[in-house]
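Engineer: My questions are about this predicted structure, shown below with the sequence.
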Amino acid sequence: MSTLVSVFGVAPRRIGGTETFARELSLQLGERGWQSVLCFLSEPTAEVRRFLDLPNISFEVLADSTDGSRAARADLARIVRQHRPEILHLHFVSFLNFYSWGARLRSVKQVFFTDHHSRPAGYVRSRAPFWKRAAARLINQPLNKVICVSNYGYECMASLGLLPRNRFEMIYNGVDLARVKADPRVATEFRQRYSIPAERAIVTQVSWIIPEKGIADFLEAARLVLRQNRNVQFVLVGDGANREQYMKDTVAMGIEDHITWTGMVDDPFGEGVFHAADVVCQFSRWEEVFGWMIAEAMAHGKPVVATRVGGIPELITDSVSGHLVDRGDTSAMSDRILSLLGDPELRARMGEAGRETVSNKFDLRKNVAQLIASYGVS
């Protein structure tokens, strides 16, 4: 059997976008008679392993793969020798690494790289210096193609001049629509699990709890909303190094009783994160290359209020499927949240528009099929 080795520089601790992509990719490869080897930073949790339980999947641990260290290159060489893949695909690792050279020297026929990286706030696209372009072309000469997950990401990569433009291809990330099911009981169970009063509307952000995700802006918007409407609970789903400080901030702001911190949720779809939400926010300060959680919320028919940064405007049509606001504009954030909470018909209309957008542009099965066609796998 032919084999694809996928390297993911992430730890598979939850059923998120990466794990869902890995499953759909493996499923479609299996339909074509291929084996799928999934390499993560660590062993999958028991729940993730059950989710990824397909006959053609095998797992490998490739620790420290993100920076392409000597130890990681040696581990990858071992994996390649063992599985003899036709294709190697790199995700969530540094663009400048020697994995592709090592793979080609061991008879891997094709090497792909996907750029999942968001850029710093205010990032300006520009051509890289000559020396960097020359070094990048030498290091990445064996790459067949770089996959970009948004038009924003495509333009960022192509404008650097690190590789010829025809070596880049845009394929959106996607949502597994087969896992999106309307179930009011799941929403009720979510409320009960986190002791959220039935009369309170729920405004949710799903993200790492770090400054780049605009957590401070989310909390300030919550404070402004609560000045006018106390029947709202703001839910932050995720974890991160700054969580403890932000929790202290809510106490200083006097809003701690209206903020719920769920920590890491193993399966946001299955545990009702999006089912329970009335409004979903993504107040990123950096330039998000895509916005997986936005697409997932839209797939569940939820209106989204998000910042106009990076690739996010490719997901949300302003005032149609959600609202776009400027980075850091907490007054606009709170105004948009209040308008949505006060108008159930507007929420339903925007939610339906978002669901249609996901079906047309961000259907995981269609987008993975596009990737497999790019591999040349028939």
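Structural biologist: Happy to help now that I have it. Numbers count the residues shown, from 1 in each chain.

Engineer: hey, what's Val305 bridged with?
Structural biologist: In this entry, Val305 is beta-bridged to Cys281, His323, by DSSP bridges.

Engineer: er, Cys148 I mean
Structural biologist: Going by DSSP bridges, Cys148 forms beta bridges with Asp115, Met170.

Engineer: Count the neighbours of it for me.
Structural biologist: Using other C-beta atoms under 10 Å, Cys148 has 25 other residues around it. C-beta here means a position set from N, CA and C on the backbone, and glycine is covered the same way.

Engineer: Use 563 as the first number for this chain going forward.
Structural biologist: Noted, 563 is the first residue going forward, which turns the last one into Cys710.

Engineer: That one and Arg729 touch, don't they?
Structural biologist: No. Using C-beta atoms under 8 Å as the test, Cys710 is too far from Arg729 to be in contact (10.8 Å).

Engineer: quick check: longest helix of this protein.
Structural biologist: Longest helix in the chain, counting residues (DSSP state H): helix 906-923.

Engineer: What residues of it count as buried?
Structural biologist: Under the neighbour-count criterion of 16 or more other C-beta atoms under 10 Å, helix 906-923 has 909, 912-913, 915-917, 919-920 buried.

Engineer: got it, and stretch 765-776?
Structural biologist: 765-769, 771-776.

Engineer: which of these lies closest to Asn706?
Structural biologist: The nearest member of the buried residues of stretch 765-776 to Asn706, counting by C-beta to C-beta, is Glu774 at 31.4 Å.

Engineer: re earlier: excluding its own residues, what touches the longest helix of the chain? List them.
Structural biologist: Outside of helix 906-923, the residues within contact range by C-beta atoms under 8 Å, 6 or more residues apart in numbering are 734, 737, 739, 840-841, 857, 859-866, 877-879, 882-884, 901-902.

Engineer: Could I get the full set of strands for the stretch 763-912 of the chain?
Structural biologist: Secondary structure of the stretch 763-912 of the chain (DSSP state E, counting those that start in this stretch): strands located at 763-768, 794-799, 821-825, 841-844, 866-869, 884-887.

Engineer: what is the rounded mean pLDDT of the second one?
Structural biologist: Here the mean pLDDT over strand 794-799 is 98, rounded to a whole number.

Engineer: Just list what it packs against, helices and strands only.
Structural biologist: strand 763-768, helix 777-788, strand 821-825, helix 835-838 (3 or more C-beta pairs under 8 Å, 6 or more residues apart in numbering; DSSP states H and E).

Engineer: Tell me which of those sits nearest to Asp897.
Structural biologist: Closest of the helices and strands packed on strand 794-799 to Asp897 is helix 777-788, at 8.4 Å (criterion: C-beta to C-beta).

Engineer: What mean pLDDT does the closest one get?
Structural biologist: 98.

Engineer: Kindly report the same for stretch 597-604.
Structural biologist: In this model, stretch 597-604 has an average pLDDT of 98.

Engineer: what does that stretch contact?
Structural biologist: So stretch 597-604 is contacted by 563-574, 584, 587-588, 591-592, 614, 616, 618-628, 638, 641, 645, 647 (C-beta under 8 Å, 6+ apart).

Engineer: In it, which of the residues would be classed as buried?
Structural biologist: Within stretch 597-604, the residues scored as buried using 16+ other C-beta under 10 Å are 597-603.

Engineer: so which of those comes closest to Val610?
Structural biologist: Phe602 (8.9 Å).

Engineer: so what's the closest one bridging to?
Structural biologist: Counting by DSSP bridges, the residues bridging with Phe602 are Val623.

Engineer: do you know which of the strands of the stretch 763-912 of the chain lies nearest Val939?
Structural biologist: strand 763-768 (32.6 Å).

Engineer: So what are the sheet partners of the closest one and their directions?
Structural biologist: strand 794-799 (parallel), strand 841-844 (parallel).

Engineer: quick one, strands of the stretch 613-762 of the chain?
Structural biologist: Ranges of strands within the stretch 613-762 of the chain are 619-623, 649-653, 672-677, 707-710, 730-732, based on DSSP E, counting those that start in this stretch.

Engineer: pLDDT on the last one, on average?
Structural biologist: Pointing back at strand 730-732 there. The average pLDDT for strand 730-732 rounds to 98.

Engineer: now swap in the fourth one and tell me
Structural biologist: Per-region confidence: strand 707-710 scores 98 on mean pLDDT.

Engineer: Counting neighbours, which bits of that strand end up buried?
Structural biologist: Those would be 707-710, for strand 707-710 by 16+ other C-beta under 10 Å.

Engineer: re the thing from before, what's the most buried one of the strands paired with strand 763-768?
Structural biologist: strand 841-844 (a mean of 29; mean count of other C-beta atoms under 10 Å).

Engineer: In CSV, list the C-alpha atoms belonging to it.
Structural biologist: Output of strand 841-844 as CSV, limited to C-alpha atoms (Å, rounded to 0.1, in the frame of the first residue of the first chain):
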residue,chain,number,x,y,z
VAL,A,841,-23.2,34.8,20.2
VAL,A,842,-19.6,33.7,19.5
CYS,A,843,-16.7,36.1,19.5
GLN,A,844,-13.1,36.1,18.2
